[in-house]
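Trainee: Mind looking at a prediction? Sequence and model below.
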Amino acid sequence: MDLQFTEEQQMMRTVVRDFAKAEIEPFIPRMEAGEFPREILKKMGELGLMGITVPEKYGGSDMDFVSYIIAIHELSKVSAVMGVILSVHTSVGTNPIMYFGNEEQKNRYLPKMASGEYLGAFCLTEPSAGSDAGSLKTKAVKKDDHYVLNGSKVFITNGGEADVYIVFASTDPSQGTYGITGFIVDMDTPGLIIGKDEEKMGLHGSRTVQLTFEDMKVPAENRLGEEGEGFKIAMANLDVGRIGIAAQALGIGEAALEAAAAYAKERVQFGKPIAANQGVGFKLADMATASEAARLLVYRAAQLRAEGKPCGKEASMAKLFASQTAMDNAIEAVQVFGGYGYTEDYPVERYFRDAKVTQIYEGTSEIQRIVISKHLTR
Ligand code: CAA
């Protein structure tokens, strides 16, 4: 497989790297203090990063999927928060409309989502329906020209900040996953109640909220696809979304490796840099080898997606491996830094806190193994 980036893709990498260094890195203390990076997102919109794969006719940058993954990867090397915000906005916020919306919905939402004026969120998970997403209990009842939704969602990334929510609810509970339907819900819809903003271990500055729908009236024209198609829409978008989270994990793992290698070269103990000890050098070697393997898996899945080929299995493999690598590298980076690694003076403790969730959201590592094994045995 050719992993050479095209000229356009290399340009994307340079633009995002420079932007992350100049604009995002100085903003990290504000995010760590809890501030949502609205002003960064505005600038990302101006750069065309909020609609990388959206066609030009809907106001997007009309670039290929690999370019999008490059953007998530490079952003996440500096800030995993920016990585997840963009990934959720694009893969599971914008893409459901782009791939499953009708022309009127695309014209109404895509230009604003691509410019960054609107931020997207994805509402599938519920208090009692996490890994078993198909058991969701939110109900949508059709009445005249609208649906009435009642229920609650949890762990909604971008929630409270987003302008557009892709919501999944059951229109026919007797049909199980075949009774689930998708809806596009505007932020200002009466009955949409933004609940608790979770206090998280990491990803400070990103929003993760609970949502409640109390007799929320959604116009029938905002239904996404047909009744009963919702679960397939959710799963299909998660297939692709998982490559984005894998790229986020890849970025965190590489950042941890780079920080550890740089520190090991300059930190002198017993009269020599600690990198000269095999105990440290071998850690770096293992971190680099895992990062390289993760990079190949992530870009292989991205390339398949860019070519329009099936990529569900490869996306899950990339997410499973890259998220494990992010966690392993972050743990080892803290170890290489020793006591300093445990302080907030160095970024490795942030990588450690941010890495963990990549093994949990958009399908836990256990769910990725289920998806991979289903592909192998069906
Ligand atoms: N694409 C299209 N259709 C799919 C599909 C896919 N990837 N996966 C399943 N389907 C279809 C199946 O084909 C099946 O239909 P048919 O019978 O007609 O073939 C139907 O959906 C039901 O499939 P399953 O029987 O396999 O469904 P299941 O209930 O056993 O669940 C699962 C499968 C893979 C475990 C799924 O529940 C799952 O992915 N769970 C994890 C949920 C998840 O990832 N949540 C993430 C929340 S979003 C998030 O985290 C965002 C964030 O904030 C960062």
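Mentor: Sure, I can see it.
Trainee: where does stretch 246-262 sit relative to the chain's centre, distance-wise?
Mentor: 16 Å (CA atoms, centre = their mean, to the nearest Å).
Trainee: Any buried residues in it, and which?
Mentor: Buried residues in stretch 246-262, defined by neighbour count with 16 or more other CB atoms under 10 Å: 246-261. Heads up, the C-betas are built off the backbone N, CA and C, glycines and all.
Trainee: Kindly report the same for stretch 167-184.
Mentor: So stretch 167-184, judged by 16+ other CB under 10 Å, has buried residues 167-171, 177, 179-184.
Trainee: and which of these is nearest to residue 55?
Mentor: Using CB to CB, residue 184 is the member of those that sits closest to residue 55, with 18.2 Å.
Trainee: which SS class is the closest one?
Mentor: The three-state label given to residue 184 by DSSP: H, G, I helix; E, B strand; the rest coil is strand.
Trainee: how close does it sit to residue 25?
Mentor: Separation of residue 184 from residue 25 (CB to CB, to the nearest Å): 35 Å.
Trainee: if you look at the buried residues of stretch 246-262, which of them are in helices?
Mentor: Of the buried residues of stretch 246-262, the ones assigned to helices by DSSP state H are 246-261.
Trainee: so which strand or helix has the closest residue to residue 293 other than its chain neighbours?
Mentor: Once flanking residues are discounted, residue 293 sits nearest to residue 321: 6.6 Å by CB to CB, 6 or more residues apart in numbering. Following DSSP states H and E, one finds residue 321 within helix 312-337.
Trainee: just to revisit the earlier point, closest to residue 306 among the buried residues of stretch 246-262?
Mentor: Closest to residue 306, out of all of the buried residues of stretch 246-262 and judged by CB to CB, is residue 247, at 13.1 Å.
Trainee: check contacts around the closest one.
Mentor: 69, 72-73, 76, 83, 87, 298, 302, 322 (CB atoms under 8 Å, 6 or more residues apart in numbering).
Trainee: per-residue pLDDT, it?
Mentor: You'll see residue 247 listed with a pLDDT of 98.
Trainee: next one: residue 378
Mentor: At residue 378, pLDDT is 86.
Trainee: would residue 226 count as being in a helix?
Mentor: No: counting by three-state DSSP, residue 226 falls outside a helix, being coil.
Trainee: Now do it: how many residues are near it, please.
Mentor: 12 (other CB atoms under 10 Å).
Trainee: quick one: the strands in the protein?
Mentor: With DSSP state E as the criterion, the chain has strands at 120-123, 139-143, 146-157, 164-170, 180-186, 192-197, 208-219, 223-224, 268-269, 272-273.
Trainee: Between these, which one is closest to the ligand.
Mentor: strand 146-157 (3.4 Å; CB to the nearest ligand atom).
Trainee: which residues sit in contact with the nearest residue to residue 111 once chain neighbours are set aside?
Mentor: Leaving aside its chain neighbours, residue 111 sits nearest to residue 59 (3.5 Å; criterion: CB to CB, 6+ apart). Residue 59 makes contact with 51, 110-112, 114-115, according to CB under 8 Å, 6+ apart.
Trainee: ok, now how distant is residue 59 from residue 26?
Mentor: The value you get for residue 59 to residue 26, if CB to CB is used, is 29 Å.
Trainee: Kindly report the same for residue 133.
Mentor: Counting by CB to CB, the gap from residue 133 to residue 26 is 38 Å.
Trainee: Looking at the two, which one has more neighbours?
Mentor: For residue 133 versus residue 26, the count of surrounding residues by other CB under 10 Å is larger for residue 133: 19 against 9.
Trainee: wait, doesn't the more buried one sit right on residue 123?
Mentor: No: assessed by CB atoms under 8 Å, residue 133 is found out of contact with residue 123, at 11.1 Å.
Trainee: Identify the contacts common to these two.
Mentor: residue 168.
Trainee: roughly how far apart are the nearest residue to residue 94 once chain neighbours are set aside and the ligand?
Mentor: Nearest residue to residue 94, sequence neighbours excluded (CB to CB, 6+ apart): residue 113, at 4.7 Å. Using CB to the nearest ligand atom, to the nearest Å, one obtains 16 Å as the distance from residue 113 to the ligand.
Trainee: can you list the residues of the protein near the ligand?
Mentor: Neighbours of the ligand within the chain, by CB under 6 Å from any ligand atom: 84, 88, 92, 122, 124-125, 131-134, 155, 157, 177, 231-232, 235-236, 238-239, 312, 361-363, 367, 370-371.
Trainee: could you redo the last one with a cut-off of 5 Å?
Mentor: Residues of the chain lying near the ligand by CB under 5 Å from any ligand atom: 124-125, 131, 133-134, 157, 177, 232, 235-236, 239, 312, 361-363, 367.
Trainee: ok, so of the contacts of residue 247, who is nearest residue 213?
Mentor: residue 87 (24.4 Å).
Trainee: list the contacts for the closest one?
Mentor: Residue 87 touches 72, 241, 244-245, 247-248, counting by CB under 8 Å, 6+ apart.
Trainee: rerun that using 6 Å as the cut-off
Mentor: Counting by CB atoms under 6 Å, 6 or more residues apart in numbering, residue 87 touches 72, 244.
Trainee: Many thanks, have a good one.
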